[in-house]
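[1] Predicted model and sequence follow; I will ask about them next.
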Amino acid sequence: MPETEAKRSNRRLIAIAALAVVLLVQGAYSFGVRPEPYPTIRMPSFGGVPNADGEFSGSGLDITLHYTDGSTISPKPVDLAGDIRYSSARASLDYAFRPSGAGDRNTRTADPELVEWLRNRSVEVGSGAIPDSIEFCWRKTIIDITDGTDASTDPCETTRVDL
């Protein structure tokens, strides 16, 4: 029995209506959940892109290991957080050691397990030498994407952990 044009038209309308319902449900879910589950129907904000002058603003982290003889070394965050996934190393260090927005000391820095982990990572990064303390310095950083230079003129948000 041949399909009539009216039946084909009805099927198309039902398919379009079903797709619209799926998109509405997905959109409602997407706007109701933070952070947004990806990918959905919303586009990223592109908030982390350089401005028209080719400058990118972000937060830099400098780490300094202090030793009893007065020497220091400055490992990269990803090196210090060596057993944490590369993509989450910086975020993990921020969570564990960065002071609060009000400048209050991060209470996690007093956790003995966290300090032990930090001591072990510092010894590994420092080729076996045991540091006295480690200092984290967060500051606003502006990177010029044309030549890769950075400028950090703001004062540090500092956390010092005695090991």
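    Received it, and whenever you're ready, just let me know what you need.
[2] Determine the longest helix present in this protein.
    helix 5-32 (DSSP state H).
[3] helices or strands up against whichever helix or strand comes after that one?
    Counting by DSSP states H and E, the next helix or strand C-terminal to helix 5-32 is strand 55-66. Where contact means 3 or more Cβ pairs under 8 Å, 6 or more residues apart in numbering; DSSP states H and E, strand 55-66 is packed against strand 72-73, helix 77-80, helix 89-97, strand 133-144. To be clear about C-beta, it is placed using only N, CA and C from the backbone, and glycine gets the same treatment.
[4] mean pLDDT for these: which is lowest?
    Among these, helix 89-97 has the lowest mean pLDDT, at a mean of 85.
[5] which outside residues touch the helix or strand following it?
    As assigned by DSSP H and E, the chain's next helix or strand after helix 89-97 is helix 112-125. If you take Cβ atoms under 8 Å, 6 or more residues apart in numbering as the criterion, helix 112-125 is touched by 65, 73, 75, 79-83, 96, 108-109, 129-131, 134, 161, 163.
[6] possible to save the helices and strands packed on strand 55-66 as TSV with distance to Gly54 and mean neighbour count?
    TSV is the format used below for the helices and strands packed on strand 55-66 (distance: least, Cβ to Cβ, whole Å; neighbours: other Cβ atoms under 10 Å):
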stretch	distance to Gly54	mean neighbour count
strand 72-73	32	14
helix 77-80	24	17
helix 89-97	23	16
strand 133-144	6	18
